[in-house]
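Peer 1: 3D model of this:
(chains A and B)
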There are 2 protein chains.
Amino acid sequence: AGDPAAGAEKITLCVACHGTDGKATAAIYPSLSGQSATYLDMALKAYRAGERGGGMSMVMTPMAASLSDQDIADISAYYSEQ
Amino acid sequence: AGDPAAGAEKITLCVACHGTDGKATAAIYPSLSGQSATYLDMALKAYRAGERGGGMSMVMTPMAASLSDQDIADISAYYSEQ
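Peer 2: Numbering: from 1, shown residues only, chains lettered A, B, ... in the order given. As a prediction, this is how the structure comes out:
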């Protein structure tokens, strides 16, 4: 399972668009707070696998590419708790 | 722009997973309430174009396929106000 405290250390690349509180910083970005860790984990893995196109995928795919399963679990746990 | 009242009439297929209040009915589905209409519009169009794979795209792609731009704008407006 993901560790929110560990996730808090891994969101450096995320905060520009998703904030530290999970609230989108611009209308084109999704808010992440209140989403389940299950959904966030799935979405990040879809980006990492290059399965999600359209929208901001050209930004998200490289972002997710460097993340391990544990990174994804921790980041998902962190934002689901915001 | 989208009309939330018109959107309320077009969410019959959405409510099983996203609720009438935009709260996901299961952890694997995203909540839509609180997302911007801009983001929801973009995501629905990505599904409609078959650009989003992974996750629940095999459910969402056919759902979005039948929607017009106005349908998408209205549904996005509706859920962004929940």
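
Peer 1: I'd like to know how far residue A:47 sits from residue B:76.
Peer 2: In this view, residue A:47 and residue B:76 are 21 Å apart by CB to CB, to the nearest Å. To be clear about C-beta, it is placed using only N, CA and C from the backbone, and glycine gets the same treatment.

Peer 1: Name the helix or strand for the spatially closest residue to residue A:14 that is not a sequence neighbour, please.
Peer 2: Sequence neighbours aside, residue A:75 is the residue nearest to residue A:14 in space, at 6.8 Å (criterion: CB to CB, 6 or more residues apart in numbering or on different chains). Secondary structure assignment for residue A:75, by DSSP states H and E: helix A:69-80.

Peer 1: how far is that helix from where the chain is centred?
Peer 2: 7 Å (CA atoms, centre = their mean, to the nearest Å).

Peer 1: Okay, buried residues for it please.
Peer 2: Residues of helix A:69-80 classed as buried by neighbour count (16 or more other CB atoms under 10 Å in any protein chain shown): A:71-80.

Peer 1: can you list contacts of it?
Peer 2: Applying CB atoms under 8 Å, 6 or more residues apart in numbering or on different chains, the external contacts of helix A:69-80 come out as A:1-8, A:10-11, A:14, A:18, A:22, A:32-38, A:40-41, A:44-45, A:48, A:64, A:67.

Peer 1: quick one, what contacts residue A:11?
Peer 2: Per CB under 8 Å, 6+ apart, neighbours of residue A:11: A:18, A:20, A:75, A:78-79.

Peer 1: so what's residue A:45 scoring on pLDDT?
Peer 2: For residue A:45, the model assigns a pLDDT of 97.

Peer 1: element containing it?
Peer 2: Assigned by DSSP H and E, residue A:45 belongs to helix A:37-48.

Peer 1: So that helix, near chain B or not?
Peer 2: Yes: judged by CB under 8 Å from any CB of the partner chain, helix A:37-48 comes into contact with chain B at A:37-39, A:42-43, A:45-47.
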